[in-house]
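**Student:** got a structure for you, letters missing:
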């Protein structure tokens, strides 16, 4: 299944649920750890509920996604909030200058890539983040029951039953990606969402050294 087609259908499905209109649990948990009024980029923002939440809390928000459908839905829900919407493919170099943002934020959008691409994405995130800036991300866990139902492609990377490739993170792998480039504020397996029953997603919040 092509990922654009998959996500187009997913966004149509998500629109039927009430949780799609409110900020995620993760966003509300970490908002007070972020630099006040900072420039924030939301990577893989989907329908933009967290982008709107951060804009309402006086952050300067750039909301990105690789599907135009999601961006259009998000823009239509913006209620005149000042949000910069950009179509961004995470598999390519990010179209932003070095040290452009005070905060890089991602809610369940960084776990769809092979190892090399994932490393490149984390390098790009580090590049566009200002010194002392905050990286805040929520990612899949290797302890997800879906792993057992999926076909292994490479270590930690699987083809799911619905035909989408997903990475499931061990904490050790995330630590390797982070390296010594961040001062860790949060790194645990206590993440959860409104849409799934799993409650051990990996949360990371760190300050760029």
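**Tutor:** Cool, got the structure. The shown structure was predicted, so the numbers you read here are calculated from the model rather than taken from an experiment.
**Student:** which of the residues in the top helix by length along the chain are buried?
**Tutor:** When the chain is parsed with DSSP state H, its longest helix is helix 115-128. By neighbour count on 16 or more other C-beta atoms under 10 Å, the buried set for helix 115-128 is 118, 120, 121, 122, 124, 125, 126, 128. Backbone N, C-alpha and C define where each C-beta goes, glycine included.
**Student:** mind checking how far the last one is from residue 102?
**Tutor:** Counting by C-beta to C-beta, to the nearest Å, the gap from residue 128 to residue 102 is 11 Å.
**Student:** for residue 51, what are its contacts?
**Tutor:** 42, 45, 61, 63, 74, 83 (C-beta atoms under 8 Å, 6 or more residues apart in numbering).
**Student:** taking those residues one by one, which sit in helices?
**Tutor:** Judged by DSSP H, the subset of these located in helices is residue 74.
**Student:** Looking at the buried residues of helix 115-128, which one is closest to residue 24?
**Tutor:** Checking the buried residues of helix 115-128 against residue 24 by C-beta to C-beta gives residue 125 as the nearest, at 18.9 Å.
**Student:** I'd say the closest one and residue 101 touch.
**Tutor:** No: using C-beta atoms under 8 Å, residue 125 is not in contact with residue 101, being 9.2 Å away.
**Student:** For the host helix or strand of residue 26, which helices and strands make contact with it?
**Tutor:** Per DSSP states H and E: residue 26 is located in helix 25-30. Applying 3 or more C-beta pairs under 8 Å, 6 or more residues apart in numbering; DSSP states H and E, one finds that helix 25-30 contacts helix 49-56, strand 101-107, strand 129-139, strand 182-191, strand 201-208.
**Student:** Looking at the contacts of residue 51, point me to the pair that's furthest apart.
**Tutor:** Farthest pair in these (C-beta to C-beta) is 61 and 74. Separation: 10.7 Å.
**Student:** quick one, which of the two is more surrounded?
**Tutor:** residue 61 (28 against 23; other C-beta atoms under 10 Å).
**Student:** Next up, the contacts around the most centrally placed residue in the chain.
**Tutor:** Closest to where the C-alpha atoms of the chain average out (C-alpha atoms, centre = their mean) is residue 106, at 2.3 Å. Each residue near residue 106 by C-beta under 8 Å, 6+ apart is listed here: 42, 43, 44, 136, 137, 138, 139.
**Student:** Tell me the one of the contacts of residue 51 nearest residue 146?
**Tutor:** Top of the list for closeness to residue 146, among these and by C-beta to C-beta, is residue 45 at 22.9 Å.
**Student:** coming back round to it: which outside residues touch the longest helix of the chain?
**Tutor:** Outside helix 115-128, the residues that touch it by C-beta under 8 Å, 6+ apart are 41, 43, 90-91, 93-94, 96-101, 104, 110, 113, 135, 154-157, 167, 177-178, 181, 208.
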